[in-house]
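>>> Below: sequence and its predicted model.
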Amino acid sequence: MIWWYWVFLGLALAGAEIVSPGGFYLLFFGIAAVIVGALVGINVVQADWLQWLLFSILAILSLLLLRRPLIHLTQGHPSQAMDTMVGESAILLEELQPGHTGKAELRGSTWSARNVGAVPLPSGQRATVTKVDGLMLWVKSE
C-alpha cells in the first residue's frame with residue numbers, strides 16, 4: 001500500500017478511538033498503522049504482505065503490552081478520604097433517635113447522619129462514624 005494510506009488509516013483509527021466509549025483498542029491499531037506508514041514512506045518496508053504482517057505484529061504486541069498500563073494511568077485512583085472517616089468523631093447538629101437521620105458536622109462540613117446505635121443521641125454530642133455511605137455518615141454513641 002501507499003504510505004499515506006497507512007497514515008490515513010492510523011489517524012482514522014485514532015479518531016475512532018476518541019469518539020468511541022471503548023477501552024483503548026483502536027488506538028493501538030492506529031499507532032501501528034502510522035508506524036507502518038512511516039516505514040513504507042522511508043522505503044524500509046516494500047512488500048504488501050510484509051506491511052500487513054508488521055502492522056498485525058505491532059498492533060497486537062502494543063495492545064498486549066501497553067493497554068493495561070494506559071488504562072491504569074488514565075483511570076486514576078479513587079480517593080480513600082471517605083473511608084478514612086470511619087472511626088472519627090462527628091458532632092451532632094440535632095438530636096438523633098435510633099434509626100433516624102439528621103445532620104452532623106465532620107471536618108468542617110455538614111453531613112447527613114444516621115443513628116445506627118440503640119440509644120438516642122442529643123444535639124452537640126460527639127458520635128463515632130461507623131460507615132460512610134455516599135454522603136451519609138452512619139454514627140453511634142462513643
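Received it, and whenever you're ready, just let me know what you need.
>>> make it CA atoms for all contacts and neighbour counts henceforth
Will do.
>>> how about the strands of this structure, start to end?
Listed in chain order, the strands of the chain (DSSP state E) span 89-92, 101-106, 109-115, 126-133, 136-141.
>>> Could you dump those into JSON lines and include mean pLDDT and mean neighbour count?
Shown next, in JSON lines, are those (pLDDT from 0 to 100; neighbours: other C-alpha atoms under 10 Å):
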{"stretch": "strand 89-92", "mean pLDDT": "94", "mean neighbour count": "22"}
{"stretch": "strand 101-106", "mean pLDDT": "94", "mean neighbour count": "20"}
{"stretch": "strand 109-115", "mean pLDDT": "93", "mean neighbour count": "19"}
{"stretch": "strand 126-133", "mean pLDDT": "92", "mean neighbour count": "19"}
{"stretch": "strand 136-141", "mean pLDDT": "92", "mean neighbour count": "22"}
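>>> of the ones you listed, which approaches S20 most closely?
strand 126-133 (32.2 Å; C-alpha to C-alpha).
>>> So which elements touch the closest one?
strand 89-92, strand 136-141 (3 or more C-alpha pairs under 8 Å, 6 or more residues apart in numbering; DSSP states H and E).
>>> Give the partner strands of that strand in its sheet and their orientations.
Here strand 126-133 is paired, per DSSP bridges, with strand 89-92 (antiparallel), strand 136-141 (antiparallel).
>>> export those to JSON lines and tack on distance to L50?
Formatted as JSON lines, the strands paired with strand 126-133 follow (distance: least, C-alpha to C-alpha, whole Å):
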{"stretch": "strand 89-92", "distance to L50": "67"}
{"stretch": "strand 136-141", "distance to L50": "60"}
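>>> The ones you listed: which one's closest to I18?
strand 136-141 (36.4 Å).
>>> Y5 contacts G37, correct?
Yes: using C-alpha atoms under 8 Å, Y5 is in contact with G37, at 7.3 Å.
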